[in-house]
Every structure is written in structure tokens, then in C-alpha cells.
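Enquirer: heads up, no residue letters with this:
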């Protein structure tokens with residue numbers, strides 16, 4: 001073989017391998033990491049922090065600096081189950097949940113982000129909280145992650161879970177281990193269970209997420225990392241964080257102890273949960289410090305996940321969405337200022353939440369987007385990024401990169417409802433869903449009844465100036481739009 005022929009063959013081989021590499025790079029779609037946190041206060045998110053005791057969240061700030069922060073991001077409900085249903089389907093969940101309840105469930109006819117991405121060739125996993133409000137603790141139902149698009153699941157199906165007590169042993173010793181919020185014991189793991197004899201739940205979820213990232217770094221993956229922090233029980237935090245915020249350890253639940261349950265049913269975990277999930281046994285100033293400790297721990301763990309992406313050299317090929325499932329709770333010490341009220345209501349404090357999108361090569365680092373958007377917009381945005389078609393012609397979300405300043409957003413939650421179009425919001429919001437006094441950070445509504453209230457959110461995001469009497473035509477226009485939307489879209 002002549003020298004010239006050898007050179008030609010080498011060039012052909014080089015060209016072949018180069019094409020193979022290019023095809024592989026083209027074939028690999030961006031990873032999608034969806035981080036959902038629980039009951040995060042609006043002002044406890046660093047870009048929105050107001051006066052008062054500041055939350056320590058450098059890793060949330062790190063995310064914010066890397067992408068786009070949405071100052072007017074909305075979820076579809078003021079509590080976790082319906083909000084999460086809207087998030088993963090891109091649709092208002094009360095389309096199929098006529099009572100606008102705590103438990104919308106997930107119909108077979110409504111497709112999820114995970115199902116779309118799995119069809120598009122992604123490996124999929126959910127780690128953490130799975131709460132669609134129905135059929136808790138079961139793995140044989142549509143609401144269970146493995147039955148709506150996820151290949152893997154490690155977590156729990158309920159409103160909340162104890163942070164420390166995650167073993168089979170404690171489950172066997174507890175007379176009531178399977179409440180909807182008062183839940184403890186081993187985690188659900190695919191179609192079985194996984195017991196943790198020790199460890200803190202926020203750190204367990206992070207460990208599992210980091211492991212998944214390392215295992216799947218060479219694939220196109222979709223990971224939903226759904227922390228239960230900073231939901232009650234807010235006092236359950238590793239000691240180094242308690243010491244940092246100068247709050248004492250409170251003994252963990254022990255079914256054999258009577259000391260923790262004075263005036264409560266001995267041995268009942270529900271009684272322990274009830275005692276510490278409201279202002280009373282823990283007073284408001286102290287509750288705030290427990291909340292800050294819990295949030296600080298959550299943020300440190302968020303940093304570990306971001307570090308893992310960087311260490312595996314896939315941070316520049318991973319799109320990240322970060323969002324809270326609803327506003328901060330009145331009972332945990334969270335701070336939603338300047339927004340009125342919080343979780344459990346359709347005031348801004350219940351449905352306007354911190355949200356970030358980091359899309360390397362697309363989002364400009366450090367961008368602030370003031371147009372109003374929705375959690376429902378995450379699905380259409382992912383569809384654009386991953387090049388799949390949304391089959392549902394009645395999707396409610398739109399691409400986050402193209403916010404519509406005049407879109408109609410509607411909410412329905414039990415007996416209350418709200419509608420926003422442009423700067424105007426109409427609502428009959430009433431705050432009446434919790435059992436004790438709120439924390440000192442809670443901003444009370446100006447009117448606490450089911451009357452119609454109108455606000456210009458461009459001038460009054462805190463909803464302190466009711467303009468219903470001044471602009472009756474606006475009231476009628478928005479009320480008519482809401483009624484028309486419900487007539488056309490609710491099944």
C-alpha cells in the first residue's frame with residue numbers, strides 16, 4: 001500500500017469517527033432537572049428578600065445567578081397536591097377536579113412531563129415527595145410515579161414524612177405509621193421499600209439524586225428532585241443547624257415515651273405531628289429559627305446536587321427548573337412579604353412563588369423576568385428544549401421564553417377563585433384553612449371574606465388596596481372571563 005493510500009484511509013477513518021461523535025452529540029438531548037421544594041417563603045428566596053431576618057441560601061442564589069429568576073411565577077393551587085398536578089401536566093388540575101379539592105388525582109387521559117420525556121427517549125426518575133392527593137402509600141395506582149412515566153422512584157406518597165424516622169423498625173413500633181401528613185417509616189422504592197436505619201431525609205434524597213446523576217450521566221435523563229423541606233415538621237433539623245440558629249433539639253417521636261405527648265394520645269405519631277406542626281408548643285420567634293435552620297440545610301443539599309452536575313461535567317448540558325409548590329406556610333415561620341397571606345389561600349402569598357430556569361446557552365445568567373408566568377409553562381418549555389410534540393391541544397401552559405403580558409390565568413380552590421389578566425387580579429380569596437395563630441411574619445388580608453376584591457398588581461403586589469368599588473367594569477370583565485373559562489374547560 002502506497003503512502004498516499006495510507007493517508008487517504010486514515011483520513012476516511014478520522015472522518016468516520018468524527019461523524020459518529022457528531023451524531024452522538026446531536027442524539028443526546030439536554031438533561032432536565034426539576035427541583036421542587038415545599039412551602040418556601042417568597043421573601044426567603046434571596047432575590048426577593050425584604051427586611052427582617054435573612055435566610056441563608058447561597059446555592060439558591062447560585063442558581064439564580066446562572067439563569068432567569070421569575071418575580072411573578074404562579075402555581076395552580078395554594079396547597080401541594082393540586083399544585084403538583086398542575087405542574088407535571090401543564091394544565092389547571094381543576095379541569096378534571098370539579099370540587100377543586102386537596103386531592104385532584106391523576107386521570108389516565110392526562111399526560112405528564114415524565115411520560116412525554118420517556119417517549120422522547122429519556123431515562124426518568126423521581127426522588128422525594130410524590131403527592132397527588134389520592135391513594136396514598138400505594139404502588140398499584142396511576143398516581144404512583146412508576147405508572148405515570150418514571151422508570152425509578154425513591155420517596156413517599158403523602159403530604160409529608162418524618163425527617164428522621166425512615167426505618168422499618170420504627171414503622172413496626174408505631175400504631176399509626178401511615179398518615180397523610182403524619183407519616184414515618186421506610187421509603188417507597190420502585191415496587192418495594194427501602195429502610196434507612198439512620199440519616200436525615202433531606203440528605204437521603206440528595207445522596208440518591210447524586211447517585212442517579214452519576215449513574216445516568218451518559219444518557220439524556222429527567223430527574224424530578226422533590227424535597228419535603230421546608231414543610232413541617234420544621235423543627236426536625238441536624239444539630240449543627242439548630243446550634244447555628246440557637247434553637248434546642250426537640251426529642252424525636254418515640255412510641256414508648258409519654259414525655260413528648262402530654263395531653264395527647266400516648267404512642268400516637270399523629271398526636272406528635274399535630275403538637276409540633278402549629279404555633280403553640282413552639283412559639284413564633286423560635287419557629288422562625290427552626291425554619292431558617294431547615295432552609296439552610298436544604299440549601300446546602302441543593303449545592304451538593306449542583307456540585308455533582310459540575311463534577312460529572314454535565315452542568316452545561318442540563319436544564320434546571322427550581323420552584324416551590326406553593327407559598328410559605330403561616331405555621332412554619334416562613335416569610336412571604338410583601339405578599340399577603342400564604343399557603344392555603346388564593347392571595348398572592350399562597351400562589352406566587354420563587355422560580356428559576358437555568359438553560360445553558362439559552363438563558364442569560366442573572367436575568368430577572370418580571371412578566372407573570374405559571375408552573376404550567378414548564379412542560380411546554382421542556383417540549384421545545386427536548387423537541388417533542390405535546391399531543392394535548394388543551395394545554396394551559398406556554399413557553400417560558402415567550403411570556404404573554406395579557407394572558408388569562410385562573411385559579412379555583414375549594415370555595416375561592418381568582419383570575420388575572422394583565423396587571424389586574426380579581427379574587428374572592430378567604431384565609432380560613434388552618435387551626436392556630438399564624439407566625440409573626442404572616443401578613444393578614446385586608447378583607448377576610450368571600451367578597452370580590454380587585455387589585456392592580458403592578459402597583460400593589462401586596463393586595464392592600466381593593467379597587468372593586470372604583471372599577472366595577474374591571475370586576476365584571478374579569479368575573480365574566482373566569483365564568484366563561486370554567487364553562488368551556490371544566491369537564
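Expert: Looks like it came in fine. Keep in mind the model is a prediction, meaning the values are calculated, not measured.
Enquirer: which stretches of the stretch 151-300 of the chain aren't confidently modelled?
Expert: 258-266 (pLDDT under 70).
Enquirer: In a strand, residue 36, correct?
Expert: Yes: assessed with DSSP: H, G, I helix; E, B strand; the rest coil, residue 36 lies in a strand.
Enquirer: residue contacts, it?
Expert: 84, 87, 128, 129, 224, 225, 226, 227, 323, 324, 325 (C-beta atoms under 8 Å, 6 or more residues apart in numbering). (Glycine included, C-beta is placed from N, CA and C.)
Enquirer: 10 Å instead?
Expert: The contact partners of residue 36, by C-beta atoms under 10 Å, 6 or more residues apart in numbering, come to 75, 80, 83-84, 87-88, 126, 128-129, 224-228, 321-325, 375.
Enquirer: Take those and keep only those in strands.
Expert: Per DSSP state E, strands hold the following members of the contacts of residue 36: 126, 128, 129, 224, 225, 226, 321, 322, 323, 324.
Enquirer: Nearest to residue 49, out of these: which one, please.
Expert: For the ones in strands among the contacts of residue 36, the minimum distance to residue 49 (C-beta to C-beta) is 14.6 Å, reached by residue 324.
Enquirer: Give me the pLDDT value at the closest one.
Expert: Here, the pLDDT recorded for residue 324 equals 98.
Enquirer: neighbours of it, just the number please.
Expert: For residue 324, the neighbour count with other C-beta atoms under 10 Å is 28.
Enquirer: With adjacent residues omitted, what lies nearest to it?
Expert: Spatial nearest neighbour of residue 324, chain neighbours left out: residue 40 (3.8 Å); criterion: C-beta to C-beta, 6 or more residues apart in numbering.
Enquirer: Residue 368: which element?
Expert: strand 367-374 (DSSP states H and E).
Enquirer: Repeat that for residue 60.
Expert: With DSSP H and E as criterion, residue 60 is part of helix 58-66.
Enquirer: ok, longest helix in the chain?
Expert: Longest helix in the chain by number of residues (criterion: DSSP state H): helix 284-311.
Enquirer: Next, the angle from that helix to helix 58-66.
Expert: Helix 284-311 and helix 58-66 meet at an angle of 60 degrees, taking axes from the mean of the first three to the mean of the last three C-alpha atoms, to 10 degrees as the criterion.
Enquirer: what helices or strands is helix 284-311 leaning on?
Expert: strand 31-37, helix 58-66, helix 201-216, strand 221-226, helix 239-244, strand 318-324 (3 or more C-beta pairs under 10 Å, 6 or more residues apart in numbering; DSSP states H and E).
Enquirer: Buried residues, the fifth one. List them.
Expert: It refers to helix 239-244. 241, 242 (16 or more other C-beta atoms under 10 Å).
Enquirer: hmm, who's touching that helix?
Expert: Contacts of helix 239-244 (C-beta under 10 Å, 6+ apart): 56, 200, 235-237, 247-250, 289-290, 292-298, 300.
Enquirer: following it, which helix or strand comes up?
Expert: Assignment by DSSP H and E places the next element after helix 239-244 at helix 269-276.
Enquirer: Just want the angle from that following helix to helix 284-311.
Expert: 110 degrees.
Enquirer: Check the offset of helix 269-276 from the chain's centre.
Expert: Centroid separation between helix 269-276 and its chain, computed with C-alpha atoms, centre = their mean, to the nearest Å, is 24 Å.
Enquirer: Which positions within it qualify as buried?
Expert: In helix 269-276, counting by 16+ other C-beta under 10 Å, buried: 269, 270, 271, 272, 273, 274, 275, 276.
Enquirer: quick one on the thing from earlier: got the ones in strands among the contacts of residue 36 as TSV, with distance to residue 212 columns?
Expert: Formatted as TSV, these follow (distance: C-beta to C-beta, whole Å):
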residue	distance to residue 212
126	10
128	12
129	16
224	11
225	9
226	13
321	17
322	17
323	20
324	22
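Enquirer: about what we covered before: what angle sits between the longest helix of the chain and strand 221-226?
Expert: Using the same axes, to 10 degrees: helix 284-311 against strand 221-226 is 170 degrees.
Enquirer: tilt between helix 284-311 and strand 31-37?
Expert: 170 degrees.
Enquirer: end-to-end on stretch 352-364?
Expert: Using C-alpha to C-alpha, to the nearest Å, the end-to-end distance of stretch 352-364 comes to 23 Å.
Enquirer: Name the residues of it that come out as buried.
Expert: 352, 353, 354, 355, 356, 357, 358, 359, 363.
Enquirer: Kindly state the beta-bridge partners for residue 224.
Expert: residue 34, residue 126 (DSSP bridges).
Enquirer: hang on, it packs against residue 114?
Expert: Yes: between residue 224 and residue 114 there is a contact at 7.2 Å, judged by C-beta atoms under 10 Å.
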